[in-house]
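Undergrad: got a structure for you, letters missing:
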């Protein structure tokens, strides 16, 4: 990953005024096109979804038995069929007894895991709700839906800054050790949302070696983009569960993943991984909630992909669609915003994280909106929606068609420059 | 529904001893066959699942757009696509804004609804967990998984007896009004699990007119078998939401349903219904948990069934499979157990509820098990698994093939008679 750090060059008052007037004219021209473009969510485009359409035709052809003879139409097998587990085991570094295949949403598995921890407790612990206050460590910028779960549950969020190697581990270690009310930490360890940062080996090892004050502390390791490369030189990530096992902390990590951005966001598979003991405990708790998730969809996925190699091959097709979109965004940023904002060029994932001049992010997003381009709300990448420097904007290039994306980026570029000069 | 009440006839000591010896011989003969039969769960048989197999072949054929142009492959539409709602609206007496289509499990919707009520509260209320003690009214015999949710959450269960018209409403009204810690009541209003009782119009109206002490009290109306008839003279049930609206209590009822026993238990659709205001509130709460349930499966169901008439036609096929199984059970009960136990002959649903002589249910289930027939554990139909009279046994005739079911019923019959004579 290249990290580009730049500063706006100094201009005279006159130069600024002239530039501003030119940009305003450009902005008004773009605005008059009455475009309706959306760069707000990490949502695959229809061209990506088409790649998996065969799963909706002859994938099952009436078949409904798993390799081991389970009738996938009927009740049962809470943890999922083996051939579905096999797709995820190498993807997330999990063994066959270290995984539960869920429904179509890893967000739901995360929410449910926290809801059960609050109400019932994690393995060996009391319900979190019995603590005077429950707190989570939240590296930021981060994923707004993680923060929203905390906010909905009344969990206090402790912001930790991101570095090029992942979260500031000095801070993470200090906060985890400082207070038994600190019960967890959110991580998107590979191609992080929104920065596209992959945690260094050292960072992963420091997570495995955390010494939290709370015995019932959990790492929520949301490995959403493990095979979502867009570069010839993809990042690599150490397996957190392996690292935890090496130091005897394997009960500390919950690992989440899904095929939402591999097959279908609306009809994919989600998984939770953990130590065998944690999985046994989670299954026991989950057995009150459901008799089992949709095994027919598990079978559909297993038949479509075959194995993990099939998944990796499929992701090359996604990459072919996404690479030009990321390139188009980066091209505009490089061309127009060098010296004005800073950004990273990620090797994968779904986002480009843009830092505008301090105090301008809200203004930029509003300018974009007025000209017909919906961006993720400024501040959304921080706990409580509050970016202390009001500078971070998450660019999601995947959903719009390439030509619309290019138009949207022109509006974004002018908006940033206008705001920077205001 | 016919309700058969009988008493064991008086026998001399000698007659009893002779009969017991004969039955023991019969039992040992059956036991020596080393059968492995399961009548424990309300699980459709493979012959029923075959009825829906076309959903696994050409049902979608690559199509993925809803009638209103939603791309069902992608994220979004938390409450589900309209054509899926349309299958359930007449089934459960709900309007289009009074329904959310969930995942594959109504149990999960119930569990999640209670978990959110505990953690966050229902509309207009505080989190239930802030009450000194949360209590639920539990008509019994009832559904073991309802009671298990309460037990898992630490909700105290208040048992209310069942009558031929549904729960003893004097008791339900008294308990609901007596204590603001009483937050809900479980109901299976049609072809109840396990008794097969359908609530009378009067019972439904009394539920709608409940005056609970708690403003945040909710009726959990698990309408699991609304179209699951096995008789030419099916029961009918009043719509609870309509009755509630008539008296202004429409926020009191949550209605649950599913296609688990219409399409596939492992890959069906579940729904929650409620007043429009409740649905808006639930959607707001659920938006932190998921971006949306599996719309492709919703589309699959809508295309397979077409409309509610299609569902009703499909249920006639189920009935043709199930009627002979219920008949086979009832035939053995009538032939062998008249005068020994009592039972109802339901017009639909999934169970026959058998009351053995007091104090013999556990013994009977053990005798069955020793002879290779797994029954639902004695007591499972009561809160905390404790049947105060140790007499109720739930017979689930749907899963075994007809010939196996007949063998299992012979073992059940001998076991009941042995236990009754012990």
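TA: Yep, that arrived. Values in this document were obtained by computation on a predicted structure and should not be read as measured data.

Undergrad: helices or strands up against the longest strand seen in chain A?
TA: Secondary structure assigned by DSSP state E gives strand A:156-163 as the longest strand of chain A. The contact analysis (3 or more Cβ pairs under 8 Å, 6 or more residues apart in numbering or on different chains; DSSP states H and E) places strand A:156-163 against strand A:135-140, helix A:144-153, helix A:169-178. To be clear about C-beta, it is placed using only N, CA and C from the backbone, and glycine gets the same treatment.

Undergrad: and residue A:158, how far is that from chain B?
TA: Distance of residue A:158 to chain B, given as Cβ to the nearest Cβ, to the nearest Å: 20 Å.

Undergrad: Next, count neighbours for residue A:123.
TA: Residue A:123: 18 surrounding residues under other Cβ atoms under 10 Å in any protein chain shown.

Undergrad: Could you report the separation of it from chain B?
TA: Taking Cβ to the nearest Cβ, one finds residue A:123 at 15 Å from chain B.

Undergrad: ok, back up a step: now the helices and strands packed on strand A:156-163 as TSV including mean pLDDT?
TA: Compiled in TSV, the helices and strands packed on strand A:156-163 are given as follows (pLDDT from 0 to 100):
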stretch	mean pLDDT
strand A:135-140	98
helix A:144-153	97
helix A:169-178	98
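
Undergrad: Of those, which is nearest residue A:192?
TA: With Cβ to Cβ, the closest approach to residue A:192 among the helices and strands packed on strand A:156-163 belongs to strand A:135-140: 8.0 Å.

Undergrad: For the stretch 151-300 of chain A, what lies in contact range of chain B?
TA: For the stretch 151-300 of chain A, the residues in contact with chain B (Cβ under 8 Å from any Cβ of the partner chain) are A:152-153, A:260, A:264-267, A:285, A:288-297.

Undergrad: and these, which of them are in strands?
TA: Checked against DSSP E, these include nothing in strands.

Undergrad: of those residues, buried ones?
TA: Buried members of these, counted by 16 or more other Cβ atoms under 10 Å in any protein chain shown: A:152-153, A:260, A:264-267, A:285, A:288-297.

Undergrad: quick revisit: buried stuff in the longest strand of chain A?
TA: A:157-160, A:162-163.

Undergrad: now, among those, which is nearest to chain B?
TA: residue A:157 (14.1 Å; Cβ to the nearest Cβ).

Undergrad: Start from the N-terminal end of chain A and give the helices.
TA: Assigned by DSSP state H, chain A shows helices spanning A:13-31, A:46-49, A:82-92, A:106-119, A:144-153, A:169-178, A:201-208, A:240-246, A:276-286, A:295-305, A:308-337, A:361-370, A:402-421.

Undergrad: mind checking which of the ones you listed is nearest residue B:339?
TA: When the helices of chain A are compared by Cβ to Cβ, helix A:276-286 sits nearest residue B:339, at 43.3 Å.

Undergrad: for the closest one, which positions count as buried?
TA: A:278-279, A:281-282, A:285-286.

Undergrad: same question, stretch A:344-364
TA: A:344-357, A:360-364.

Undergrad: Stretch A:371-384 now?
TA: Under 16+ other Cβ under 10 Å, the buried positions of stretch A:371-384 are A:371-383.

Undergrad: Next step: the residues you listed restricted to strands.
TA: Using DSSP E, these in strands are A:373-375.

Undergrad: Let's have the residues you listed in TSV, adding distance to residue A:410 and pLDDT.
TA: Output for those, formatted as TSV (distance: Cβ to Cβ, whole Å; pLDDT from 0 to 100):
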residue	distance to residue A:410	pLDDT
A:373	9	97
A:374	15	96
A:375	14	96
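
Undergrad: Out of the residues you listed, the closest to residue A:415 would be?
TA: residue A:373 (8.0 Å).

Undergrad: My understanding was that the closest one contacts residue A:414; is that so?
TA: No. If you go by Cβ atoms under 8 Å, residue A:373 and residue A:414 don't touch, sitting 10.4 Å apart.

Undergrad: Which residues are in contact with each of these two?
TA: Applying Cβ atoms under 8 Å, 6 or more residues apart in numbering or on different chains, one finds that no residue jointly contacts residue A:373 and residue A:414.

Undergrad: Residue A:42 against residue A:353, yeah?
TA: No. Using Cβ under 8 Å as the test, residue A:42 is too far from residue A:353 to be in contact (11.9 Å).

Undergrad: which intervals of the stretch 201-350 of chain A have sub-threshold pLDDT?
TA: Of all residues in the stretch 201-350 of chain A, none has pLDDT under 70.

Undergrad: Next up, the contacts around residue A:225.
TA: Contacts of residue A:225 (Cβ under 8 Å, 6+ apart): A:188, A:190-191, A:193, A:261, A:348-350.

Undergrad: same thing with residue A:283?
TA: Residue A:283 neighbours (Cβ under 8 Å, 6+ apart): A:78-79, A:100.

Undergrad: Export the residues you listed as TSV, with columns for pLDDT, neighbour count and distance to residue A:421.
TA: Output for the contacts of residue A:283, formatted as TSV (pLDDT from 0 to 100; neighbours: other Cβ atoms under 10 Å in any protein chain shown; distance: Cβ to Cβ, whole Å):
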residue	pLDDT	neighbour count	distance to residue A:421
A:78	97	18	58
A:79	98	22	57
A:100	98	19	53
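
Undergrad: Just name the closest of these to chain B, please.
TA: Among the contacts of residue A:283, residue A:78 lies closest to chain B (Cβ to the nearest Cβ), at 10.8 Å.

Undergrad: Was I right to think that closest one contacts residue A:288?
TA: No. If you go by Cβ under 8 Å, residue A:78 and residue A:288 don't touch, sitting 10.8 Å apart.

Undergrad: From the buried residues of helix A:276-286, pick the one nearest residue B:128.
TA: For the buried residues of helix A:276-286, the nearest to residue B:128 is residue A:285 (18.8 Å; Cβ to Cβ).

Undergrad: Not counting sequence-adjacent ones, nearest residue to that closest one?
TA: residue A:116 (5.3 Å; Cβ to Cβ, 6 or more residues apart in numbering or on different chains).

Undergrad: measure the one you found to residue A:254 for me?
TA: 11 Å (Cβ to Cβ, to the nearest Å).

Undergrad: can you check residue A:355 too?
TA: Going from residue A:355 to residue A:254 by Cβ to Cβ gives 30 Å.

Undergrad: got it, and residue A:314?
TA: For residue A:314 relative to residue A:254 (Cβ to Cβ), the value is 26 Å.

Undergrad: quick one: which of these two has more around it?
TA: residue A:254 (26 against 19).

Undergrad: Does that one touch residue A:273 like I think?
TA: Yes. Counting by Cβ under 8 Å, residue A:273 is a contact partner of residue A:254 at 7.5 Å.

Undergrad: before we move on, back to that, residues near the residue nearest to residue A:285, how many?
TA: Using other Cβ under 10 Å, residue A:116 has 21 neighbouring residues.

Undergrad: Kindly report the same for residue A:97.
TA: By other Cβ under 10 Å, 12 other residues sit near residue A:97.

Undergrad: and it, what does it touch?
TA: Neighbouring residues of residue A:97 by Cβ under 8 Å, 6+ apart: A:276, A:279.

Undergrad: what does the one 5 residues further on give?
TA: Shown in contact with residue A:102 (Cβ under 8 Å, 6+ apart): A:80, A:108-109, A:269-272, A:293.

Undergrad: Give me the nearest residue to it, chain neighbours excluded.
TA: Using Cβ to Cβ, 6+ apart, the nearest residue to residue A:102 is residue A:270, at 4.3 Å.

Undergrad: Right, I'll call it a day here.
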